[in-house]
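Participant: I would like to see how this sequence folds:
(one chain, ligands or ions: 1)
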Amino acid sequence: MENETQIKEVEKKIAALEAVKFVQAGSIVGLGTGSSAYHAIQEISNLVKSGLEIQAVATSAHTAMLAGNLGIPLLNFDEVNSIDVTIDGADEFTADLKLIKGGGGALFREKVVAAMTKQEIIITDSSKLVDRLGAFTVPIEVIPLAVNHVMKEIKLLGGSPVLRKKNGHLFITDNNNYVIDADFGLIDEPENLSSALNNIDGLLAHGIFLNLAAKVIMGKGDQVIYF
Ligand code: A5P
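Facilitator: So this is what the prediction gives:
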């Protein structure tokens, strides 16, 4: 187990180092959230310390704090119209670049940043590649007052919703909302499910990301594989 975790960490890191090669001087860079994005943020910080001039936008409060502590210049969302390149992780991806994200609960900002980004690069270890999405439950950010309504609608779509908890308490997002983790089984038509979820009132964002990733860079052993 220990060994498996170490291998995944190496794969995440080599994918991150490869992705950072796409960061150019003068660009606005989106910084992802999670353990894979962490490696990219560290490397971007090294480059900034060596003189690379970039500005960054963070996909979560946690990432903003990390990047700030590492000396990466940060912009607020309202200062940015477009992002050149974003490097973020994923919980699952298919070879045709469909993703599930939000295991860390930052899916809403991650989706907004991805939508504003010209080149969204996803970095993962080799365990994240799947034939069909859905073994990982779909994270869904919900406005608290709508939680019962959204849970009911998810069940009508055939899903099993569970309100996310952390350390025995309800998980609260950076936007003061809740997260529902919804099990839909393996998803045959991610486009249909994504549209149906988007139509639920009170649902802020869901973790199915379609047509947002420009490429996935996956670490496998000591190699990187591009999708
Ligand atoms: C955060 O909300 C997520 O979307 C992460 O990007 C995703 O969970 C991948 O995280 P790891 O890189 O830690 O596996």
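Participant: Show me what from the chain comes close to the ligand.
Facilitator: 32-36, 88-91, 101-107, 110 (Cβ under 6 Å from any ligand atom). The way it works is simple: take the backbone N, C-alpha and C, and place the C-beta from them, glycine included.
Participant: Among the residues you listed, which ones are in strands?
Facilitator: Mapping those onto strands (DSSP state E) picks out residue 88.
Participant: low-confidence ranges in the chain?
Facilitator: The model of the chain has pLDDT under 70 over residues 1-2.
Participant: And the helices in it?
Facilitator: 2-20, 35-49, 61-69, 107-116, 147-156, 190-198 (DSSP state H).
Participant: Ok, which of the ones you listed comes nearest residue 26?
Facilitator: Of all the helices of the chain, it is helix 35-49 that lies closest to residue 26, at 12.6 Å by Cβ to Cβ.
Participant: before we move on, the earlier item: ranking the helices of the chain by mean neighbour count, which comes first?
Facilitator: Mean neighbours per residue, mean count of other Cβ atoms under 10 Å, is largest over the helices of the chain for helix 107-116, with a mean of 22.
Participant: residues in contact with that helix?
Facilitator: Residues outside helix 107-116 that contact it (Cβ atoms under 8 Å, 6 or more residues apart in numbering) are 30, 32-33, 57-60, 77, 80-83, 86, 88, 101-102, 120, 139, 141, 173-175, 177, 179, 204-207, 209, 212-213.
Participant: Can you report how many residues lie near residue 177?
Facilitator: 21 (other Cβ atoms under 10 Å).
Participant: repeat for the one 3 residues further on
Facilitator: Other residues within reach of residue 180, judged by other Cβ under 10 Å, total 22.
Participant: Narrow the residues of the chain next to the ligand to those that are buried.
Facilitator: By neighbour count, with 16 or more other Cβ atoms under 10 Å, the residues of the chain next to the ligand hold 32-34, 36, 88-91, 101-107, 110 as buried.
Participant: Rebuild the helices of the chain as CSV, extending it with distance to residue 127.
Facilitator: Compiled in CSV, the helices of the chain are given as follows (distance: least, Cβ to Cβ, whole Å):
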stretch, distance to residue 127
helix 2-20, 6
helix 35-49, 11
helix 61-69, 22
helix 107-116, 20
helix 147-156, 26
helix 190-198, 20
